[in-house]
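Undergrad: Got a predicted structure here, sequence first:
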Amino acid sequence: MIRTMIRTAAALTVLAVLAAPAVHAQGFGNIKGQIVWAGDPPAAEALKLDKDAAVCLAHGALLSQKYVVDPKSKGVRYLVVWLVDPKAGNVIKGPPVNPALKAIPAKDKKVVIDQPFCQFEPHVLALREGQSLVIRNSAKIPHNTNIVSSGSNPNLNPIIAPGDSKTVPASDWHASPSASSVSCTIHGWMKGYIRVFNHPYFAVTDANGNFEIKGIPAGTWNLIVWHEEKGYDATAGGKTGTPVTVTASETKDLGKIDMKP
Amino acid sequence: MAATDKPYRNQKTLDIVFAVSCILMLLSGVWMIVQDYDRDWKGDQRKFRDVETAVSERLMLEKLPDAGIVATKRQAAEEARKEFDKAKAEVDREDTRLAAEHEKADTKYRSLKAEFDSKMSLYDILNEEIGKTTDKKALAELEKERKSQREELDKLQNDLYAALGDIERINADIHANVTSKLDGPDKKLAAAEDDLKRVTGIFDRFAKATAQKRWKFGDTFRALPIVDGFASPEKIQQITLNDLTIDYGGFRDVPRYDRCTTCHLGIDRGIFDKAALTALGTVPEGLQNKLDEARKMLEERQKGGESLGYNPSDIPTTPATMKLSKGKITEFASHPRLDLFVDSNSPHPAERFGCTSCHAGQGSATDFTLASHSPADLAQEHQWEKQYGWFFNHDWEFPMQSSRFIESTCLKCHHQVTDLIRSGSKEEAPKVLKGFNLILDNGCFGCHEISGFKSNRPIGPDLRLEPAPAIDLLSAGDQERIKSDTSNPPGTMRRVGPGLRRIAEKTDEKWTRTWVYAPRLFREDTKMPHFYNLSTNSPDVLPDEQKEFPAAEIHSIVHYLFAESRSHLRGEDTYRNFLQAQLKKLNEATANHPLGEKQKKELSDFSRNLTDLALLSVPAQAARINSSSAELRRAQEKLMELVRAEKRDEAAIKSAAEDVTHLTDELIKLGQPVGVQKEIVDGAGNVIAADVLAKATAAEKDAAKKDERVKNGQRLLTEKGCLACHAREGAPVQSDSNFGPNLSRISAKIHAEGGRRWLVQWILNPNVHYARTRMPVTHLKPEEAGDVAEYLLSAEIKRSEEADGTDPKEPDVETLKRLARVYLTKAPGMTRKKVDDVLPLNRDNAPGVTEEDLQFMAADADERVLSGLNDKTISDKLKWYIGKKSIGRMGCYGCHDVPGFEQAKPIGTALNDWGKKDAARLAYEDADAFVREHYNIVPVRKTEEEISTAIAKLEALPKPLSADDQSELEELTKLKEKPWRAENGKPPFEQCFYETLEHQHQQREGFLHLKLTEPRCFDYNRIRAWDDRLRMPQFRFARTHKKGADREKEEAEAREAVMTFVLGLVADPIPLKHVYSPPPDKLAEVKGRQVIDKYNCYSCHPIRSGSWAIKPTKDQLELLGKSFANLTSVGKKDHPFAGHNAWFGTTGSSPDKLIAMGVNPVVDKENFTLGDADNPKQVTVTAIRLTDALRFTGNDGMRHDIPAAIVVPILPDAIVGELSPFGGRLVDMLVGKPGENGYLGKTYDQRFGGKPEEARSALPPPLLREGERVQPKWLYQFLLNPGVIRPEEHMLLRMPRFNMSPDESMALVNYFGAVGKTSNPGAGVTYPYLTVEQLDDRYWKSKEKWYHESADRWVKTVLPERLAELKKRAEASKDDDEKETLKSAADAVEAGLKKARTAVDDVAKQGGDAYAIAGYKLLLNKDSCLKCHSVGALKAEGAKGPNLILSADRLRPEWTLEWLANPTRMISYETLMPQNFARDGIEWQDSFAGSPIDQARAARDVLMDLPRIAELPEIRKLQPAATPAPAEGGK
């Protein structure tokens, strides 16, 4: 009798384990949300320039991009948001990749970072393994692009002449738990960040702090938020993230997520 | 009585007596033999044979090959043999035939040769005869004979050649038909046999040792008494050293016989390590089986006909176990570090150095006690007494160095001391090095001479005070004179304390008194020792009439210092007055009559002393002082000559005398110091004076502004590098530096009137105040110095806090008189009665010395001050007198420059040979009683915690404990009762040191230990006059902030380190060939290291990278493999330089160890993974940034090089050795650890964008490749007078100017050269000279020619071909991505080609200097170099890098090319310099048509000769166009 029960239990467990991925396979959903500054938005500091003012300021004053908060919506720009598998216990392993998203569309094979007016555009960039990075310099002055990474990502410091561009091939980029920093040593104030993922479930918040991640397998995943200055402490989720349950064929609105000032 | 046969005694009695004595004699003979036969060493040798057998057996079994493998290998060998035999059989017939033919031919040849030889001799005789014959007829006959003989000989010769040809033909046949056919099988056989040997070789070797070393019957027989006289297996082993003699005291040159190896049998053999010997105590499972297997295998092999060379049945049948006691293990074990000692390949082979030359002890003894083994501590002593009946051997003067002090003997040969630091920073003798540094730090050499020379021979480390004034202040001639004395070169040590000549400017008398009373009360970590409140002069022990003496003495000393200091600042100090007066008198005398010899000498001495004093007072004027002093001496001589002349020319004499007076006055004026109140001098020596002072006072009034200045001062103190040497509580960055004094409480010290101004002056240019300070000129602006001073003075230290009860009571006149009388009594010409007359006690006043007395006193007698005493002056005059006498007595001038003591000699005992001082010559007095009274004597230096831990460790061992462990446990349990701690206020004292104080066992260690602990306690219970007491002050060697037992312990350790050093000063005149004389590069490194330590260079600059020894485990290699794989894309952009260690590593000496050289070790838990990409496992590693390339053989079996500047992960369990990077603490403090935002990142968010690498570039540079980077000549100049390299606006601080001597600067230059040369042989570093090809016209000519051809080829062939190739590939490509990539690459090449064509057109136009112009255009390109570097007068906006015009003098050509090609490889942090000439790039073609590396080379060439090239007419034309937009705006 007991033996039968054990057998049944074991069989059920096996089934349950087998069934688990099947739950994900049942469908895919989306999430969206907004990260907002909890408190009075800080005023952006004007950067001090020591050279090339004519070119750099043609576009207007350069402001620090450390905290870019929209005064109206209080939404915070340039936070990286992504999903991880809560069981993995690290920040790299994401949900299984939706077969529809497996291949990177040709138009997305290249991601461009430009420096038209002595700031990196975009300031924070998220790459997926398989994408190459094109460093463009559409300005009239030269820039050098100093990429500093820990671990396996590139450490490069090429000079890029006006109008020129350089490509860091896709094979150089690997999903990494740390961000690579990008800076220009000629123009010491220029700074940007690159994060690399091995899945498509990531986003960088826009000017209003909004983000959206699509085609996520249904199930419970952890949402991680990272900010260049605050790191994982930007929101309450910390390094483990906040659990988010994704339902098939639905876009779940996570609402406002507070960023600690 | 008649004669009778009856014996005088009863025969029977006699017989009995005889028999008994015979028996007794026999017995004693037997007893003697037994005694001799039973000597300890014999038993030990017997035992060692067992140990040797057992160890061999274990190793044999460890290497026991798998029987299957052996069988296959053996079979393979047998087959190979068979094949060989078969092949041999096949050719056998042919072989025999040919051999026979060969034999035949050979015989034929031999017989022919014999015939030829005999005929030849006949022919020779005939020739001789012809020569003698004169008769014509006979001659014709003989000629005929000669002709026929000649023909015969020719024929024979032909036959001989034919026979030789036969032999050669047969040999060729043999080779073709026999040897060559055997060749293959033969090689195969050899290979198979080698193979077999490889598997069984080590096993066989140890099996043989096991069988042979086993103690057999034959050994027992040979060891029997009497028989053992022939070939005993037990023998005394001896090393004879005829030239390393022992000094038996009087008997010189007694050769050294070391018999230590008689018992220490395994000393030179690595297999007897302690672990192996301990392991013999247990038998691991399965050992019996293995043994059986081994025996079986060997027996079978023997049966199989193999000759083993021993009988396999000699191998034991059961595995040996032997539980060796710890003592036996130590006795038999191999010497630690065989790579350094004993081994014949080590630097200290036993056959050259023996044992006792390092260990001391009686080498010829073969008994444990008689060899003078020394226990390390009491516990060991007791154990030895119990086990070996050990006792202290009084009859041997040099007992073995106990393990505590063993390092002291290193000093015998390593006179440089720092040569004990190997390969960078590895300290091979840490204790003695620590002692050395403590002695340097505490300035022991100020009082104790530590001279490295004795009668022209080096005898030990040389630490002597430098001459005063310092040698680099003297005139060239004087320098030469002093330096030319090679047997006694000038000392190099500076006094460790500050100069006191100008103390009155800095502080006041009250503070100074509290300081002298107890320096550590004011500043806990000061190195100034305590002179008062010690065992001989604390109020508790002083008799009533002396109780006031210490206070009186302190008052007097301080009074003297301030009085002299004030007069010094007015140019009127006593010594100066005396010299001036004497000189004037003598000069005047010269003008009237010739001088006697004594007076002449005086004149010369006084002038010299006056010059010296002037140099000491105003070193900045050294050049002028030297020249006017030389002039003065010439004028004096001239005057003397005029006076001596037969016919006096009064007019000339008068004018000469005027000259002398004038020059004397000038010298006096030049040497007159200027007080800080009058003028403040900046770093460049310019007087900037009053407004700084005004600002300081204004700021005091304006509180708000003051706050701002304090804040600014705080920032400057942090950023300008002050914290590299000083600590300051409350500074934003915590520093534990104690190279300079701790500045936390300085505000309490600097409060005299004008103290603030003094501080500003000190910060601006300390050399004005004290020329020999090691504090550098900081290059601060006057306002900045003012702000720093403001900050330092802002700390509110309550006066009472530092002065509470420590300002000694003002003495009354009576006390002063009594104290003065102590010294006065001993003054020349004084009698007791006279003293009573001069300073009568118990009277209101004192007459002092009379006019009459003065006449009999020396002109510079201190007693002269005691004249004209009255109520007002008596107190000060007495104080001055006592003060001067006390300073002289206590030798304050050993550490401080004190006015009035310019000529004084050090007061302490010379330490040159203290280490061998006979204990009988040391006055122990009642010291043991003192220790008993004042200390808590404890058995060993183990704290309660340490004992408990040790006990817990033993108790955790599996039961039952071994006898050793059990006794250790008991010992420890006993110790627990008396751990190392203070009890009843009595500090702990180690018993072993106490015992060596007791009368029976007096040894120098005990004396020295107590002298350093309680220097004056040897006066305990003695009756001594006040000034006869011991004078040594009490030092604290460990300048620690710890409290309680930890502090005591650290202090005890520091004391021991100092002892180790002092005990090593034995002045043993060792034969020069044994004294370590490092090879030139090593010596340069050693000497340079001393300068680096002296000026604390390493506090700001990283000097050497760290090294990590890594075990190449599978996981580790996987990680390295990944790092290498990630390099591919980077690799394409990199130009590798062959042989250079930044790109190519070296294959290490040991395959199981990789050495990674790097910096910035960080523990990284995230970024490195093991396993495949889909399922990675994060690992915790130590990530280091390589500074040298790392070569490894990966898991793929391929050899790879990871170049420098790549961060590589090291698994913690793969690290087998680690040496931290050396230097750069300031940088670490300010920038923070890698990945962190340190102080600068946080403070300078805007300026450095929060980027550590940006902040890093504004701080002192790493000197890791300095020798490779800079030109020696430039570095030499720079160190003496550092200029600006990077723009000051970018830098946070500038290299300060240290007042180092030219010799020291040269030592540093050579240091970097030597390090560059030895650590990177491929870079071709030469020093102290180098060639810069680019300065040679011919170089440019050849380059010009080359460029014309190369540019042409570049646009006509290279680029078009590349373009065609890319287009072709793009077309052929199927992959869209690839297609596009190729296309854009083609576009880039096309664009480059177009630009290059214009450049080539220019080449044609530019004629002779096209290469230089093209190179110059690369530099001047507004899109590259000019972005960050100015070029000469062309200013770059917001420049960060050095002006490129500096490069020609500063940089080495090779380095510059490597730097331009890929900057990141050459520097130990992420440099700001981008890679401008990436290998896969095609840039700047309009400036220079050529490949990136050619461009880099051209840019480099131009840099190396920039000053000339910038002036070329063609280039001058270029410049206006190239001038960038004016550096306006941006703010």
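TA: Nice, thanks for sending it over.

Undergrad: make it CA atoms for all contacts and neighbour counts henceforth
TA: Will do.

Undergrad: Surely B:Y1469 touches B:A1255?
TA: No: here B:Y1469 lies out of contact with B:A1255, judged by C-alpha atoms under 8 Å, at a distance of 10.9 Å.

Undergrad: Please identify the residues of chain A in proximity to chain B?
TA: A:47-54, A:141-142, A:144-146, A:150-159, A:161-162, A:169, A:172, A:176-178, A:185-186, A:188-191 (C-alpha under 8 Å from any C-alpha of the partner chain).

Undergrad: Try it again at 7 Å.
TA: Counting by C-alpha under 7 Å from any C-alpha of the partner chain, chain A comes close to chain B at A:47-53, A:141-142, A:144, A:150-152, A:157-159, A:161, A:172, A:176-177, A:185-186, A:188-189.

Undergrad: Which of these fall in helices?
TA: Applying DSSP state H to these, the entries found in helices are A:A53.

Undergrad: middle-most residue in the chain, spatially?
TA: In the absence of a named chain, chain A is used. A:V80 (3.6 Å; C-alpha atoms, centre = their mean).

Undergrad: think we crossed wires, I meant chain B
TA: Note: chain B centre (C-alpha atoms, centre = their mean) maps to B:T418, 3.2 Å.

Undergrad: quick one: that one from B:F436, how far?
TA: 9 Å (C-alpha to C-alpha, to the nearest Å).

Undergrad: How about B:R457?
TA: 21 Å.

Undergrad: of the two, who's got more company?
TA: Counting neighbours by other C-alpha atoms under 10 Å in any protein chain shown for B:R457 and for B:F436 shows that B:F436 has the greater number, 22 against 15.

Undergrad: quick one: the more buried one and B:V1062 touch, right?
TA: No: using C-alpha atoms under 7 Å, B:F436 makes no contact with B:V1062, being 8.9 Å away.

Undergrad: Would you mind listing where the stretch 101-250 of chain A has pLDDT under the threshold?
TA: Residue ranges of the stretch 101-250 of chain A with pLDDT under 70: none are present.

Undergrad: what sits in contact with each of B:Y1469 and B:A1255?
TA: Overlap of the contact sets of B:Y1469 and B:A1255 (by C-alpha atoms under 7 Å, 6 or more residues apart in numbering or on different chains) is empty.

Undergrad: What is the burial count for residue 28?
TA: Just so you know, I chose chain A. 19.

Undergrad: could you do chain B instead?
TA: Other residues close to B:S28 by other C-alpha under 10 Å number 13.

Undergrad: in which helix or strand would I find it?
TA: Assigned by DSSP states H and E, B:S28 belongs to helix B:11-37.

Undergrad: Quick one: list the elements packing against whichever helix or strand comes after that helix.
TA: Using DSSP H and E, the helix or strand that follows helix B:11-37 in sequence is helix B:40-62. Packing partners of helix B:40-62 (3 or more C-alpha pairs under 7 Å, 6 or more residues apart in numbering or on different chains; DSSP states H and E): helix B:180-213.

Undergrad: If we use 10 Å, what do you get?
TA: If you count contacts as 3 or more C-alpha pairs under 10 Å, 6 or more residues apart in numbering or on different chains; DSSP states H and E, helix B:40-62 packs onto helix B:180-213, helix B:274-279, helix B:287-303, helix B:326-332.

Undergrad: So what's the model's average confidence on the longest helix anywhere in chain B?
TA: If you go by DSSP H, chain B has its longest helix at helix B:92-132. Here helix B:92-132 scores 85 as its mean pLDDT.

Undergrad: Check stretch B:1005-1017 too.
TA: For stretch B:1005-1017, mean pLDDT rounds to 93.

Undergrad: can you map out the strands along the stretch 101-250 of chain A?
TA: Residue ranges of the strands in the stretch 101-250 of chain A, as given by DSSP state E, counting those that start in this stretch, are A:110-113, A:124-128, A:132-136, A:143-144, A:146-148, A:159-160, A:165-168, A:180-183, A:191-197, A:202-204, A:210-217, A:219-226, A:242-246.

Undergrad: re the thing from before, can you check which residues contact both of B:T418 and B:F436?
TA: Residues touching both B:T418 and B:F436 by C-alpha atoms under 10 Å, 6 or more residues apart in numbering or on different chains: B:P461.
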